[in-house]
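what follows is a predicted structure for the sequence shown.
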Amino acid sequence: MIVEINYLPQWIPEQMGPGTVFVLDNAGESGDEGDPYWAVLACPSCATLGLITRKQMAGIVPIICGSELCSAQFHIHGDDIIPRLAS
């Protein structure tokens, strides 16, 4: 299942549905210097909110849902979220 990213122009957590991204106002200013936090993503499977880094947003590093009840793994590719296939 491929999910299209929905970009939220302003921070309204109640509007964060599965696959919604809000780019942080201070993107790149916190987190690891080499790969800072860039956005908030609602998991495409369960809608749990989580911070993602610049490399994850660029599709270089996979994303794993941080929920205790969901183990979704996926990549961002352009404007799509693509599930990570088991190897």
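All right, it came through fine.

helix, strand, or coil at the residue nearest the centre of the chain?
Against the mean C-alpha coordinate of the chain, by CA atoms, centre = their mean, the closest residue is Leu41 at 3.4 Å. With DSSP: H, G, I helix; E, B strand; the rest coil as the basis, Leu41 sits in strand.

repeat that for Lys55.
helix.

what is the burial count for it?
Lys55 has 15 neighbouring residues, counting by other CB atoms under 10 Å. Heads up, the C-betas are built off the backbone N, CA and C, glycines and all.

how about it, what does it touch?
Contacts for Lys55 (CB atoms under 8 Å, 6 or more residues apart in numbering) come out as Asp35, Val61.

remind me which residues of the protein are low pLDDT?
Along the chain, segments meeting pLDDT under 70 span 1, 86-87.

ok so, going back, who's the residue nearest to the centre of the chain bridged to?
Val21, Gly50 (DSSP bridges).

stretch 33-52 spans what distance, first to last residue?
14 Å (CA to CA, to the nearest Å).

actually, stretch 58-74.
First-to-last residue span, stretch 58-74, CA to CA: 12 Å.

picking up where we left off before, now the residue nearest to the centre of the chain: how far from Gly59?
According to CB to CB, to the nearest Å, Leu41 stands 12 Å off from Gly59.

wasn't Ile76 part of a helix?
No. Counting by three-state DSSP, one finds Ile76 to be strand, located in no helix.

residues near Ile76, how many?
22.

I figured Arg54 hits Gly34, correct?
No. With contacts counted by CB atoms under 8 Å, Arg54 stays clear of Gly34, the gap being 9.2 Å.

neighbour-wise, which of these two wins?
More neighbours surround Arg54 than the other of Arg54 and Gly34, with 18 against 8 (other CB under 10 Å).

gap between the more buried one and Gly17?
Taking CB to CB, one finds Arg54 at 23 Å from Gly17.

ditto for Gln73
Per CB to CB, Gln73 is found 20 Å from Gly17.

repeat that for Leu24.
18 Å.

which of these two has more neighbours?
Leu24 (17 against 11).

which one is the more buried one nearest to, not counting chain neighbours?
Distances taken as CB to CB, 6 or more residues apart in numbering place Ala39 nearest to Leu24, at 5.9 Å, with adjacent residues excluded.
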